[in-house]
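K.L.:
I would like the atomic coordinates for the input below:
(one chain, ligands or ions: 2)
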Amino acid sequence: MNSLILNRSQCSRHRIVVVFGWGVATLLCLLHFARPVQAQLPTGITKSRWAMDDPDYAQKYADGAEKTDVPGKIKQAADARFLKDSSGCYFSGGLTAFGTSSNPMGSLELGYTGYGTSFMTNRMGFVAAANDDDYFLGGELGMRFQTPTRLAPFVGWGLFAGASSTTESADDDNIDNDDDGDIDEWGEEEESFDGALMAIYPETGIHFWWTPRVRISGFGRYLVTTEGRDADAWYYGASIAILSK
Ligand SMILES: [Ca+2]
Ligand SMILES: [Ca+2]
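P.N.:
Ligands and ions are numbered 1, 2, ... in the order given. Predicted coordinates for the structure are as follows:
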C-alpha cells in the first residue's frame, strides 16, 4: 500500500485546511438555502394543515377537513407527499468508533439530497471524522425509503469511502518525525495518511419536518468496514436538511 507520509506539523496543516474547507462549504450551503428559512417553531402547532406554505399542499387542502372529520384532520396533518421533487442541502453530525480507533470519532457530513418520489431519497456528501489520534476524510452516498408523512420512519443503506490516518511507532528511523527537535526520542510516532477505508451500512431512523422545508432526523447505522469485522461499529447521528422544489 502506498502511503503518503506526513509529519506532525504537515498533519496539523492538513487538518486546518480541511476545517477551513468545511467552514466555507457550510457557509455557502447556508447562504444558498437558509436565507429564506427563519428560526421558527414547528409549523402546524395550532392548525392541522401544516404545510400551507407549499403551493401543491395548499392547493390540495384549500378546503380543509371539517372540524368533526377526525380522519381528514389526521390525514392533512400527516401528509408530506408534496415533497416529491424537492432537493437541498443536509448537514449531519455523529459519533462512531470505527477503524483501529478505540476512542469515538466525531464526524461531520455535508451534502446534497433529493426526493425522487415522496417516499425515497438519494444523497451524496462529504465526510470528515476525527478524534485525538486519527482522522478520516471521504465521500458518501446512500438511499433511504420512508413513509411520505411529516413524521417519517425510514430504512436505508449507504456507502462511504475515503482515507484515514494511521499512527505508527517511529523511534528507530533516524528521522525527527514529529518536528520536536529530537530524533527518535522515546515514544516518537509517525502519522501517515493512507488507509483506504470503505464501509457499507444499513441504517434506520426517523425524520420530522419542522416546517415544510426544514427536516430534522436521527439515525443509527451499522458500519461494515474493509478493516475487518473487528472494526465494524455503530454510528449514531443527527441531521438537518433544508429542501426546496
Ligand atoms: Ca522527534
Ligand atoms: Ca524517528
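K.L.:
Let me know the next secondary structure element after the longest strand along the chain.
P.N.:
The longest strand of the chain (DSSP state E) is strand 189-209. Note on strand 189-209: by DSSP states H and E, the next helix or strand toward the C-terminus is strand 214-225.
K.L.:
what does whichever helix or strand comes after that next one contact?
P.N.:
Counting by DSSP H and E, the next helix or strand C-terminal to strand 214-225 is strand 233-244. Contact with strand 233-244 is made by 33-34, 37, 83, 86-98, 107, 109, 113-115, 201, 213-223, 225, as judged by CB atoms under 8 Å, 6 or more residues apart in numbering. Heads up, the C-betas are built off the backbone N, CA and C, glycines and all.
K.L.:
Just the buried ones among these, please.
P.N.:
33-34, 83, 86-92, 94-96, 98, 107, 109, 113-115, 201, 213-215, 217, 219, 221, 223, 225 (16 or more other CB atoms under 10 Å).
K.L.:
I'd assumed Tyr57 was in contact with Phe82.
P.N.:
Yes: using CB atoms under 8 Å, Phe82 is in contact with Tyr57, at 4.4 Å.
K.L.:
joint contacts of those two?
P.N.:
Common neighbours of Phe82 and Tyr57 (CB under 8 Å, 6+ apart) are 51, 212.
K.L.:
Ile206 - nearest residue in space that isn't next to it in sequence?
P.N.:
Using CB to CB, 6 or more residues apart in numbering and skipping residues adjacent in sequence, the residue nearest Ile206 is Pro153, 5.1 Å away.
K.L.:
Okay, now the sheet partners of the helix or strand hosting the one you found, with direction.
P.N.:
Pro153 belongs to strand 151-169 when assigned by DSSP H and E. Strand pairing for strand 151-169, using DSSP bridges, gives strand 135-146 (antiparallel), strand 189-209 (antiparallel).
K.L.:
Outside of the first one itself, which residues are in contact with it?
P.N.:
What that stands for is strand 135-146. Applying CB under 8 Å, 6+ apart, the set of residues contacting strand 135-146 is 15, 18, 98-99, 105, 107, 109, 111, 119-130, 152-165, 197, 203, 207.
K.L.:
rerun that using 7 Å as the cut-off
P.N.:
15, 18, 105, 109, 119-129, 152-165, 197, 207 (CB atoms under 7 Å, 6 or more residues apart in numbering).
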